[in-house]
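Chemist: This is the structure alone, sequence omitted:
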């Protein structure tokens, strides 16, 4: 059995605290922004200014989308257990699964899977050819990052994130393939869909070299800030009790319906 | 019942997404850092550069403290349920309660409570007099933010955060009272204790005008970044299974001991 | 440091599994009901048949109350992250705090606090006198277990639980004091309020000698069964998406309102 | 949009509370055990005595396995946030994912998948033939419910649960196929492995007609009782701080190792 548990994260002695090998007080506090620090913690590599800017643009894109299930859950949990802010935030994050916050991770992984065998660099027609292959292979299944139920003519976050990545010279293979999917999918699907914001965020995070297994984690980090915003607003302008009552007072008691099981 | 649920946070139409009344793509992404955004979400007021710097220094101070219970919990939960990153992060945050992450909030609230009746401004001797009163009144109970089990000769984060706040001209009444407590407590307690980092963070957050009910929330936001770092390290250099086995293999089965209840 | 971690709960060797010192397969499975087992696990003492009956009546009383915040939260979390049943249940339980599920624990603790100094046994007039004292002492603050926003003329669970406890000869000091509060409070408060079901459950659990610090835990155990029922119904007859849309589609975007802080 | 949210679970009026269409006070409390109630809530069908006995035997088998990650997590979370029992329980349940508590659900689903096309009834040689087919088809992948790292010569829970199901005449197709896998797998795998307890529980729950999507939920319900037992023991005989220190004091600070990403 291990006698020691190695870590490169926080450590402290009587006089000193280090974080990632740096002196926390002298070299981190006052010098390192919070987005930069989150990137550094996740990769153990300090990002460049450009990487931080793209990363923080992704976090801004994912921080809050109004009355999502996660926001409603955090507000209702706080209503019910105001003694535990940590419980209200944790409950909200638990909705960050496959459906509402999962597209970012799914898209990053999907693109990565299809880049494994690719010889780089490619020019635009090379990317288009690869995108066509990818779309043909995936025919019949949903392409992560393609389509949006509200922004049917284009998700404003998508164009903006491409722009920022270009400005910082950080358009890598994931964003390139994602852009190509945006260009060529009408040929395969017979209709034009927008590249959505959650998807482009996944492509950008993958291009930044962040761990694919944790792409969902960055969406959750962004959302933690958003959920604190929801709680702050709930404290000043509460709606959770109204939401609860709107459900409870409109319930209709129906007779039990015995479950026959999946086998009929 | 309410027909509408008002919110100033995220909103979207077919063409546009706004956050806090600003155009998310155009005016937030690429312009607003993540710490700045978290502050803005929590207060609905965009912070100044100096406020952002103090706020991000606090987040850096609280992000990760090595193998804390929260870090161990996140790693063990991920070991047990690797299908759910959101569950591992939520489990870690649930340890952010009164004992390990609560000092920040307790200290901010404690200072605030004692500032309610105070006529400002005060000079240094005025702060010292107030601190003496506060310490006398609290005699016998623990003063939040005073004392540290490791950094017995001074917590390096404390001096540094005061320095940053001074540089940004953001030393308000909470930090002033906290500093005075640091100066005068030996007269009342008969021993010298350090002002700890969690406490000074609470004082600084309160001076920034952040909602006192959510001070713990900012510690949890910082910790979310830290826990992602813990998971990233666990993925590359796993220790959770060793930790689990070190407990499980050293268990000693003892006979049940019937509970007599609190009444004997 | 401890070399061994003692436990009287589950243990196993290559051939055998024990639980609470008993042979799990031979002496527990098939012989011990689930309520009985939960009681045994919490106290390390196997309950009598009567104790089990009272305990299970409490669990039945607390299992499900329809579209409570916890039920809504579990359904919304499952909608958002259907990959993680554990996340949906955990999120629902996180609402089991001071407001919605806390009365059971608060009431048990409140009664216990006022029984510390009491010389037993008491007759009915002795209980009434004690109850008057308790109510006078608590004047101005809320008495846990007194009042109900729906069952204004009496909570049907209360009379029933007293009846079951009497049948099993398990009316102890907590239930006795609670009953007396029910009899005498109009003299002190000037109005008649019902003893509510959550409160009587707390009194009964305390009389069973269960740990006061965990009374809320039994409410959560009961609720876990209820939340599984909510999920099972959601799977067959989904409403979570309708609930989400009823909030999201009725949101009204309002301008940000900068937070002035608690100090103005 | 729905004007009403239908539910057959808890409902109440000023005078009455119903649960699953029954009068909660009169017909449920004092008459229905907790295992029986949990089954009823999940299926909206009241189980027979025999079904309840098998179901409660499953819950007993899964309630507590000593110092598992979930138990350690609950104890550490309580250490860190003793103000929130709900948080400690929720954190423990979040470990109930694919690895440690998932076998029950995986096994039930796996057996069910292979029974879809089967013409029933089968005799023992018919089950053996089907089991051989199933094992051949699954060759190379792990068979859920087969093998145990401790009980290498047989898991005592397995034989016992088969016995109870036979006594209650509740051996259905899932248990039959699982038993046949136990008989014939050496022919295909070339070695003899035990049928484990988590697996047989999944087979039994599926034979009881419980929803396959929620089989993990029943493991979590059982574990909730176990985790309350862990907390109760922690309150009287604390070990969480020792566990925390055993990790924290044995940490070894190592230099950061920049993440190259999955692409190199």
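Modeler: Sure, I can see it. It should be emphasised that the depicted structure is a prediction, and the values quoted were computed from it without experimental measurement.

Chemist: The residue in the stretch 151-264 of chain A that chain B sits nearest to sits in which helix or strand?
Modeler: Closest approach of the stretch 151-264 of chain A to chain B (C-beta to the nearest C-beta) occurs at residue A:229, with a separation of 3.1 Å. C-beta coordinates here come from the backbone N, C-alpha and C atoms, glycine included. Using DSSP states H and E, the secondary-structure element containing residue A:229 is helix A:215-236.

Chemist: Can you give me the buried ones in that helix?
Modeler: A:215-234 (16 or more other C-beta atoms under 10 Å in any protein chain shown).

Chemist: That helix and chain C, are they touching?
Modeler: Yes: contact between helix A:215-236 and chain C is present through A:232, A:236 (criterion: C-beta under 8 Å from any C-beta of the partner chain).

Chemist: and the stretch 51-200 of chain A, which residues reach chain B?
Modeler: Checking the stretch 51-200 of chain A against chain B by C-beta under 8 Å from any C-beta, the hits are A:52-53, A:55-57, A:59-61, A:63-67, A:71, A:84-87, A:89-91, A:93-97, A:101, A:150-153, A:156-157, A:159-161, A:163-164, A:167, A:197.

Chemist: give me the subset of these touching chain C.
Modeler: The overlap between these and the neighbourhood of chain C (criterion: C-beta under 8 Å from any C-beta) consists of A:66-67, A:84, A:87, A:90-91, A:94-97, A:101.

Chemist: Those: which two are farthest apart?
Modeler: Taking C-beta to C-beta as the measure, these reach their widest spread between A:66 and A:84, a distance of 24.1 Å.

Chemist: Neighbour count for the two, which is higher?
Modeler: Taking neighbours as other C-beta atoms under 10 Å in any protein chain shown, residue A:66 and residue A:84 compare with residue A:84 leading, 29 against 21.

Chemist: Quickly note the distance from the closest residue to residue A:175 other than its chain neighbours to residue C:127.
Modeler: Taking C-beta to C-beta, 6 or more residues apart in numbering or on different chains as the measure, residue A:175 lies nearest to residue A:203, with 4.8 Å between them; neighbours along the chain are not counted. For residue A:203, the distance to residue C:127 (C-beta to C-beta, to the nearest Å) stands at 70 Å.

Chemist: ditto for residue A:130
Modeler: The spacing between residue A:130 and residue C:127, counted by C-beta to C-beta, is 82 Å.

Chemist: Could you do residue A:138 as well?
Modeler: Where residue C:127 is concerned, residue A:138 sits at a distance of 73 Å (C-beta to C-beta).

Chemist: One more: residue A:115?
Modeler: Remark: distance between residue A:115 and residue C:127 (C-beta to C-beta) = 76 Å.

Chemist: Of the two, give the one with the bigger neighbour count.
Modeler: Set side by side, residue A:115 and residue C:127 give different neighbour counts by other C-beta under 10 Å, the larger being at residue C:127 (21 against 18).

Chemist: show me what contacts that one?
Modeler: For residue C:127, the residues meeting the contact criterion (C-beta atoms under 8 Å, 6 or more residues apart in numbering or on different chains) are C:176-177, C:179-180.

Chemist: helix or strand right after the helix or strand it falls within?
Modeler: Of the helices and strands defined by DSSP H and E, residue C:127 is found in helix C:124-137. On the C-terminal side of helix C:124-137, the nearest following helix or strand under DSSP H and E is helix C:156-167.

Chemist: Can you point out the buried residues in that next one?
Modeler: The neighbour-count criterion (16+ other C-beta under 10 Å) identifies C:156-158, C:160-162, C:164-165 as the buried residues of helix C:156-167.

Chemist: that older thread, tell me the mean pLDDT over the next helix or strand along the chain from the helix holding residue A:229?
Modeler: Sequence order places helix A:240-248 as the next helix or strand after helix A:215-236, per DSSP H and E. In this model, helix A:240-248 has a mean pLDDT of 94.

Chemist: thinking again about what came up before, would you format the buried residues of helix C:156-167 as CSV with distance to chain A and pLDDT included?
Modeler: Shown next, in CSV, are the buried residues of helix C:156-167 (distance: C-beta to the nearest C-beta, whole Å; pLDDT from 0 to 100):
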residue, distance to chain A, pLDDT
C:156, 16, 96
C:157, 18, 97
C:158, 22, 98
C:160, 20, 98
C:161, 23, 98
C:162, 27, 98
C:164, 24, 98
C:165, 28, 98
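
Chemist: So which of those residues reach chain D?
Modeler: Counting by C-beta under 8 Å from any C-beta, C:156-157, C:160-161, C:164 from the buried residues of helix C:156-167 sit close to chain D.

Chemist: How far away from the center of its chain is stretch A:150-159?
Modeler: 17 Å (C-alpha atoms, centre = their mean, to the nearest Å).

Chemist: where's the residue nearest the centre of chain A relative to chain C, distance?
Modeler: The centre of chain A sits closest to residue A:219, judged by C-alpha atoms, centre = their mean, with a distance of 2.8 Å. In this structure, residue A:219 lies at 12 Å from chain C, with C-beta to the nearest C-beta, to the nearest Å as the measure.

Chemist: so who does that residue touch?
Modeler: The neighbourhood of residue A:219, defined by C-beta under 8 Å, 6+ apart, consists of A:62, A:96, A:101, A:104-105, A:198, A:201.

Chemist: Give me the subset of the residues you listed lying in strands.
Modeler: Counted as lying in strands by DSSP state E, out of those, is not a single one.

Chemist: How much space separates residue A:63 from residue B:36?
Modeler: For residue A:63, the distance to residue B:36 (C-beta to C-beta) stands at 11 Å.

Chemist: Which one's more surrounded, these two?
Modeler: residue A:63 (28 against 25).

Chemist: out of the contacts of residue A:219, who has the most neighbours?
Modeler: Of all those, the most densely surrounded is residue A:96 (34 neighbours; neighbours counted as other C-beta under 10 Å).

Chemist: Tell me, how many residues neighbour the closest residue to residue A:196 other than its chain neighbours?
Modeler: Counting by C-beta to C-beta, 6+ apart, the nearest residue to residue A:196 once its immediate chain neighbours are dropped is residue A:148, at 4.4 Å. Applying other C-beta under 10 Å, we find 22 other residues in the vicinity of residue A:148.

Chemist: again, but for residue A:25
Modeler: That count, for residue A:25 with other C-beta under 10 Å as the rule, works out to 25.

Chemist: give the contact list for it.
Modeler: With contacts defined as C-beta under 8 Å, 6+ apart, the neighbours of residue A:25 are A:17, B:156-157, B:159-160.

Chemist: so what pLDDT did residue A:81 get?
Modeler: We note a pLDDT of 95 for residue A:81 in this prediction.

Chemist: isn't it right up against residue A:87?
Modeler: Yes: proximity of residue A:81 to residue A:87 meets the contact threshold set by C-beta atoms under 8 Å, at 5.5 Å.

Chemist: More neighbours: the two, which one.
Modeler: Set residue A:81 next to residue A:87 and count neighbours by other C-beta under 10 Å: residue A:87 wins out with 33 against 28.

Chemist: Can you tell me the element that one falls in?
Modeler: Under the assignment given by DSSP H and E, the secondary-structure element containing residue A:87 is helix A:85-93.

Chemist: Check which helices and strands that helix is in contact with.
Modeler: Under the contact criterion of 3 or more C-beta pairs under 8 Å, 6 or more residues apart in numbering or on different chains; DSSP states H and E, helix A:85-93 touches helix A:69-80, helix A:215-236, helix B:85-93, helix B:215-236, helix C:85-93, helix D:85-93.
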